[in-house]
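J.: compute the structure for the input listed below.
(one chain, ligands or ions: 1)
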Amino acid sequence: MAMWTDLRPTVEMPRLFERGGDVISFAGGLPDLDVLPLETISGQLSRLVRLGGKLALQYTTPHVAKALIPAINDLMGREGSATTADHLVPTQGSQMGLMAVGLGIATPGETVLVQTPAYPGAAAAFRIAGLALHPAPEDADGLAPAALRETVLRLRADGRTVRLLYCNPTFQNPTGATLSVARRRELLAVARELDLLIIEDNPYGLLSFDGGTTTALHALDPERVIYLGTFSKVFAPGLRCGWIAAPEQLAPHLRRTTEVMSLSPSALAQAALAAFHTRAGWGDLLAAYRASYQERCALMADALDAELGTDGPWQWERPRGGFYIWLRHREGVDTVRFAEAAAEHGVSYVPGSHFGLDGEHADGLRLCFSNVPRKRIAEGVSRLAAALTAPVPS
Ligand code: PMP
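T.: Purely as a prediction, here's the structure:
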C-alpha cells in the first residue's frame, strides 16, 4: 500500500527544543492576540448565534459568504488587488489553501518550484499531495527570474512537469524579506513566457511596521497567480478562516477540493469576520497589530545588536514587517548544533534546516518576536547569545 511516510518535522518541531519551565520561546509563529477587542467580538458572536443561529451554525456551501467578500477586498485592495465571487474559494486558513492547490490543481509527481528557505507547512502540503519539490533559484535580491527560466527549461528537458512556483513574497517566513515590485514584474514575465502559475502565500503582507504595502503579485497579473489569503494574522488564527483568489477557470477545481476536504467552510467564522468588518473595518486592528510587532521587533533587534554585535559570526537584517528575524552563521555552521545549548539556557528558536527542502539553509535560524512578552525579549536574546557564542559542539 502506498503511504505517505515522509515524517520530516513540520510545525511540531519547535516543541522538541522547549523544556517546559522557564523557557522563552522565539520558536512558534503566533500572533499577539492581546490587541483583539474581545468584548466587541464576543458581543458579535453572541448576536450571530442568538439572531442567526440556524444559519450561522449550519453547514454552508463551499463558496465564500457574500457578506465576507467586501471584507476580503478591503484587505486585498491595500496591496492593489481585487477579486470577485467567481474567483474566490473559502479555506480554513492558508494551510488548507496549500493542500487544496496541491491536491486540486497539481498532478501527483509533478514538480513545484519553491522559494526557500520556505514555510515548512508548504513543503509538507505539497509532499503529502505527492508532488516533487525543487528550490527556486535566488540571488541577493530574492527570486531570480532569469535563473528561474533556465531551471524550468532544464527540468522540462529532463522530462519533468513544472507548472507551479510557490512563494511568500512579502515579509517571508522565515527570512522577513520582501521581493521588490520590479522583481515581481520580471517574475510574472517569466511565468507568462513559460506558462507557470505562481502560488502567492501572503499572510504577513499587511503587517509592515510603517504602514506601507507592496503591490501583490496577484494585483499585477490575477490570471497567473493563485493567491492564498488568511485571517490568521490580521484577525485571529482560531477562527480558521481564509480564502483563495484564483484564476476563474481554476476556482471550481479548488472549490471541489476544499469541499472534499471539509464539506463546508465555517458559516459562523465567516459571519463573525464580516460583522466585525462591517462595524469596525480593518484599519484599527491592523494598526494595533503593526504597532505591537514594530515594538517587539525593535526590542529584539536592539538586543541582538547589543549582544551579538555586527562583526561576529552572526549576521541578520532588521525586518520591516512580519513576525521573524533570520540569523545566519557566516561560516555556515549548522544551527541545530546550538539548540541543545539554547535549551539549557532556557530559550528556543527554529533551526534553519527546518526551512530547507532537504536540509539546506542549515546555517540560518529563525527567531519569532510576535508573541513574546515585551519584558522577556531582552532576557531571551541574552540567553540566546550565551548559547550562540558558546564553543560550537562538534
Ligand atoms: N503560510 C505561511 C507563510 C505561514 O507562515 C503560515 C502560518 N504560520 C501559513 C501559511 C498557514 O497559516 P493559516 O493556515 O493559519 O492561514
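
J.: pLDDT score for residue 188?
T.: Reading off the per-residue confidence, residue 188 sits at a pLDDT of 98.

J.: quick one: residues contacting it.
T.: 198, 217, 220, 221, 224, 225 (CB atoms under 8 Å, 6 or more residues apart in numbering). Quick note: C-beta positions are derived from backbone N, CA and C, even for glycine.

J.: what does residue 113 give?
T.: Applying CB under 8 Å, 6+ apart to residue 113 gives the contacts 134, 135, 136, 148, 151, 152, 162, 164, 165, 166, 196.

J.: bridged to the first one, which residues?
T.: With beta bridges defined as DSSP bridges, residue 134 has these partners: residue 113.

J.: and it, how many neighbours?
T.: Close neighbours of residue 134, defined as other CB atoms under 10 Å, add up to 18.

J.: same thing with residue 220?
T.: Using other CB under 10 Å as the criterion, the residues surrounding residue 220 number 19.

J.: repeat for the one 3 residues further on
T.: Residue 223 has 15 neighbouring residues, counting by other CB under 10 Å.

J.: what secondary structure does the closest residue to it other than its chain neighbours sit in?
T.: Counting by CB to CB, 6 or more residues apart in numbering, the nearest residue to residue 223 once its immediate chain neighbours are dropped is residue 247, at 5.0 Å. Counting by DSSP: H, G, I helix; E, B strand; the rest coil, the backbone at residue 247 sits in coil.

J.: do the same with residue 326
T.: At residue 326 the chain is in strand, as set by three-state DSSP.

J.: how many residues are close by the residue lying closest to it once chain neighbours are set aside?
T.: Nearest-residue entry for residue 326: residue 175, 4.3 Å, with adjacent residues in sequence omitted and distances by CB to CB, 6+ apart. Residue 175 sits with 26 neighbouring residues when counted by other CB under 10 Å.

J.: my guess is residue 175 contacts residue 117. True?
T.: Yes - using CB atoms under 8 Å, residue 175 is in contact with residue 117, at 6.3 Å.

J.: list residues touching both of those two?
T.: By the contact definition CB under 8 Å, 6+ apart, residue 175 and residue 117 are jointly contacted by 326, 364.

J.: residues of the chain that sit close to the ligand?
T.: Residues of the chain lying close to the ligand by CB under 6 Å from any ligand atom are 29, 93-95, 119, 121, 168, 173, 201, 203, 230, 232, 237, 242.

J.: widest-spaced pair of those residues?
T.: Distance extremes for these: the farthest pair is 168 and 237 at 16.3 Å, using CB to CB.

J.: relative to residue 115, how far out is the residue in the chain that the ligand sits nearest to?
T.: Checking the chain residue by residue against the ligand with CB to the nearest ligand atom singles out residue 93 as nearest, at 2.6 Å. Using CB to CB, to the nearest Å, one obtains 20 Å as the distance from residue 93 to residue 115.

J.: got it, and residue 224?
T.: The gap separating residue 224 from residue 115 is 16 Å, by CB to CB.

J.: of these two, give the one with the bigger neighbour count.
T.: Here residue 224 and residue 115 are compared on neighbour count by other CB under 10 Å; more neighbours surround residue 115, at 25 against 20.

J.: that one contacts residue 166, correct?
T.: Yes - Residue 115 is within contact range of residue 166, at 6.4 Å (criterion: CB under 8 Å).

J.: which residues are in contact with both of these two?
T.: Counting by CB under 8 Å, 6+ apart, the residues touching both residue 115 and residue 166 are residue 136.

J.: and the contacts of the helix or strand harbouring residue 227?
T.: Residue 227 is part of strand 225-230, with elements assigned from DSSP states H and E. Identification of contacts with strand 225-230 by CB under 8 Å, 6+ apart yields 72, 75-76, 81, 83, 91, 93-94, 97-98, 101, 105, 188, 197-203, 216-218, 241-247, 250, 254.
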